[in-house]
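Enquirer: predicted model and sequence below, questions to follow.
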Amino acid sequence: MFDYQFTKTSFRRFKKLPKDIQIRIINKLDFFCSQEDPLEFAEPLTQSNLGHYRFRIGDYRVAFDMEDKILVIHDVDNRKNIYR
């Protein structure tokens, strides 16, 4: 079983999203963390300043790193804004 945690910056961005999007992202993160290998659903990132992996959740992206059994979420934003 895996867990996830937001950085302060990513949590502030997450709280600015609409409530329905927040719920959708949390539900998907819970699903990914309940799997044996959450990286199976992730894509590697070429820009490591955002993190090493990302999840696609609709039009939103969650950039994160893996530390032991914890997904450290560095950024959450719309796909057209996250890579800028």
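Expert: It's in. Quick caveat, the model's predicted, so the values are computed rather than measured.
Enquirer: show me what counts as buried in the host helix or strand of V62.
Expert: Assigned by DSSP states H and E, V62 belongs to strand 60-67. Buried residues in strand 60-67, counted by 16 or more other CB atoms under 10 Å: 60-65. C-beta here means a position set from N, CA and C on the backbone, and glycine is covered the same way.
Enquirer: sheet-wise, list the partners of whichever helix or strand comes after it with their directions.
Expert: Next helix or strand after strand 60-67 toward the C-terminus (DSSP H and E): strand 70-78. Take DSSP bridges as the rule and strand 70-78 pairs in its sheet with strand 3-6 (parallel), strand 60-67 (antiparallel).
Enquirer: would you turn the ones you listed into CSV with mean pLDDT and distance to K19?
Expert: Output for the strands paired with strand 70-78, formatted as CSV (pLDDT from 0 to 100; distance: least, CB to CB, whole Å):
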stretch, mean pLDDT, distance to K19
strand 3-6, 97, 16
strand 60-67, 95, 14
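Enquirer: any chance of the ones you listed in CSV, plus distance to E43?
Expert: Converted to CSV, those look like this (distance: least, CB to CB, whole Å):
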stretch, distance to E43
strand 3-6, 17
strand 60-67, 9
